[in-house]
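Visitor: compute the structure for the input listed below.
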Amino acid sequence: MRRYLPLLLKAAVSILLLYLSLRSVHVETVATRLSQFDPLWIGGALVLLTLQVGLLAIRWREIAAVSGINIALPPITQIAFIANFFNQVLPSSVGGDAARVWLLGRRGGGWASATYSVLIDRVAGVLMLALIVIACLPWTLTLIHDALARAVLLLIGGGAIVGALVFIGIGMLPRRWFDRFMVTRHLAETSRAAWRLCRMPSAALIVTICSIVIHIMTVTVAWCCMKAVAAPVGFAPILFLMPPVLLIATVPISIAGWGVRESSMVVAFTSAGLAPSDGLMLSILFGATSFVVGALGGLVWIASGVKIGRLPRASEAVADEP
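Guide: Sure, this is the predicted structure:
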């Protein structure tokens, strides 16, 4: 029972937050939006999300090379699609990361190096998302006038940037400070790999461009979801509100972000003077389209014939290497 307690707690959080989100919206508005549903816009969103996985693979390949793993683009793209499937069907996106470590490590790249590449890829994505949040603040603050909401924006954006910079800065400190314990030793090695990436202009540029385009594509997908139900929400408000919600949704307290994303979007739309019902519709449609593309990754997994047993935790993966 203790083994399943974290899963049960996450499920409870998702259900509770979804319930609270549904209570705050008008069912009539949701029904009106659904009656105007246009599948062509959802088709466009699905195409963008599929292309996004390819860009994720390109970014991850550059990071893997810095971590000591050279792999061609087709196989790492296959791994990215399979991992995206596990992101959607497992209780946390960490499951997708574990799949990436497992599938990349078993190709001979080494479990530690595979883990480093996945961690750095995560940090790169979060850092760029936080920079977008901060860069958009002058416009976001014109939408949101609530003092508490403004403080939260500054906290999550600034906090993510500070955390990423601290992570990278660890690699610049003396090695002897971290060699005593396995966890700190591997953390320092991951940071050094990230620091090497920062000192390689071509690789760093590719990672930066891919990260920016990936996040812009995410915002565009959200905009397509709004157009699909004829919601009167333009691209700009979504650009300003979506990145902070995505940052909050990375906190692993629910099932695949469900509930956290919906409640955050409802609060964001309400704070910006937009209809909370539209915020809920946006979040649910975004989650649904992401799930469909994740299912495509499941088909890639079946077609590949790759067998995956119990997915290792990151600590288990690096424990086997010095």
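Visitor: next up, the contacts around W195.
Guide: I168, G171, M172 (C-beta atoms under 8 Å, 6 or more residues apart in numbering). To be clear about C-beta, it is placed using only N, CA and C from the backbone, and glycine gets the same treatment.
Visitor: any quick ChimeraX command for the buried ones out of the residues you listed?
Guide: Buried residues within the contacts of W195, by 16 or more other C-beta atoms under 10 Å, are selected in ChimeraX with:
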select :168,171
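Visitor: in a markdown table: the contacts of W195, plus distance to A149, pLDDT and secondary structure.
Guide: Listed next are those as a markdown table, based on distance: C-beta to C-beta, whole Å; pLDDT from 0 to 100; DSSP: H, G, I helix; E, B strand; the rest coil:
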| residue | distance to A149 | pLDDT | secondary structure |
| --- | --- | --- | --- |
| I168 | 29 | 85 | helix |
| G171 | 35 | 80 | coil |
| M172 | 36 | 83 | coil |
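Visitor: remind me which residues of the protein are low pLDDT?
Guide: Applying pLDDT under 70 to the chain flags the ranges 1-4, 6-7, 91-94, 253, 256, 308-322.
Visitor: just want the most central residue of it.
Guide: In the chain, the centroid-proximal residue (C-alpha atoms, centre = their mean) is T250; its distance is 6.2 Å.
Visitor: quick one, phi psi at it?
Guide: When read as degrees, to the nearest 10, the backbone of T250 gives phi -70, psi -10.
Visitor: from L55, how far off is the nearest residue to it once chain neighbours are set aside?
Guide: Spatial nearest neighbour of T250, chain neighbours left out: V126 (6.6 Å); criterion: C-beta to C-beta, 6 or more residues apart in numbering. According to C-beta to C-beta, to the nearest Å, V126 stands 16 Å off from L55.
Visitor: and A268, by the same measure?
Guide: For A268 relative to L55 (C-beta to C-beta), the value is 25 Å.
Visitor: so for these two, which sits in the more crowded spot?
Guide: A268 (28 against 17; other C-beta atoms under 10 Å).
Visitor: any idea which element the residue nearest to T250 lies in?
Guide: helix 111-135 (DSSP states H and E).
Visitor: chain center to that helix: distance?
Guide: 9 Å (C-alpha atoms, centre = their mean, to the nearest Å).
Visitor: now stretch 217-233
Guide: 19 Å.
Visitor: list the contacts of that stretch.
Guide: With C-beta under 8 Å, 6+ apart, stretch 217-233 has contacts from 33-34, 36-42, 44-45, 48-49, 51-52, 55, 234-235, 238-239, 242-243, 246, 274-275, 278, 281-282, 285-286, 289.
Visitor: about what we covered before: pick the one among the contacts of W195 closest to L137.
Guide: Distance to L137 across the contacts of W195 (C-beta to C-beta) is lowest for I168, with 22.5 Å.
Visitor: give the contact list for R61.
Guide: So R61 contacts I71, L73, I76 (C-beta under 8 Å, 6+ apart).
Visitor: could you do I63 as well?
Guide: Contacts of I63 by C-beta under 8 Å, 6+ apart are S117, I120, D121, A124, L197, A203, V207.
Visitor: next one: D121
Guide: L56, R59, W60, I63.
Visitor: swap in L187?
Guide: I170, F178.
Visitor: check contacts around A194.
Guide: Counted by C-beta under 8 Å, 6+ apart, A194 has contacts I120, V123, F167, I168, G171.
Visitor: please disregard the earlier target; I meant A249.
Guide: G257, V260, R261, S264.
Visitor: neighbours around the last one, how many?
Guide: By other C-beta under 10 Å, 24 other residues sit near S264.
Visitor: immediately after the helix or strand it falls within, which helix or strand?
Guide: According to DSSP H and E, S264 maps onto helix 260-271. Moving toward the C-terminus from helix 260-271, the next helix or strand (DSSP H and E) is helix 276-304.
Visitor: helix or strand right after the helix holding V126?
Guide: Assigned by DSSP H and E, the successor of helix 111-135 is helix 137-143.
Visitor: what comes into contact with that next one?
Guide: 133, 150, 153-154, 157, 236-237, 240-241, 244, 271-273.
Visitor: hang on, the earlier thing: of the contacts of R61, grab the buried ones for ChimeraX.
Guide: In ChimeraX, this line selects whichever of the contacts of R61 come out buried by 16+ other C-beta under 10 Å:
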select :71,76
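Visitor: got the contacts of R61 as a markdown table, with distance to A228 columns?
Guide: Below are these laid out as a markdown table (distance: C-beta to C-beta, whole Å):
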| residue | distance to A228 |
| --- | --- |
| I71 | 37 |
| L73 | 32 |
| I76 | 32 |
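Visitor: what's the closest non-adjacent residue to C198?
Guide: A204 is the one closest to C198 (C-beta to C-beta, 6+ apart), at 5.8 Å.
Visitor: is the one you found in a helix, a strand, or coil?
Guide: helix (DSSP: H, G, I helix; E, B strand; the rest coil).
Visitor: how many other residues sit next to it?
Guide: 16.
Visitor: surely G158 is in contact with L127?
Guide: No - in this structure G158 lies outside contact range of L127 using C-beta atoms under 8 Å: 12.0 Å.
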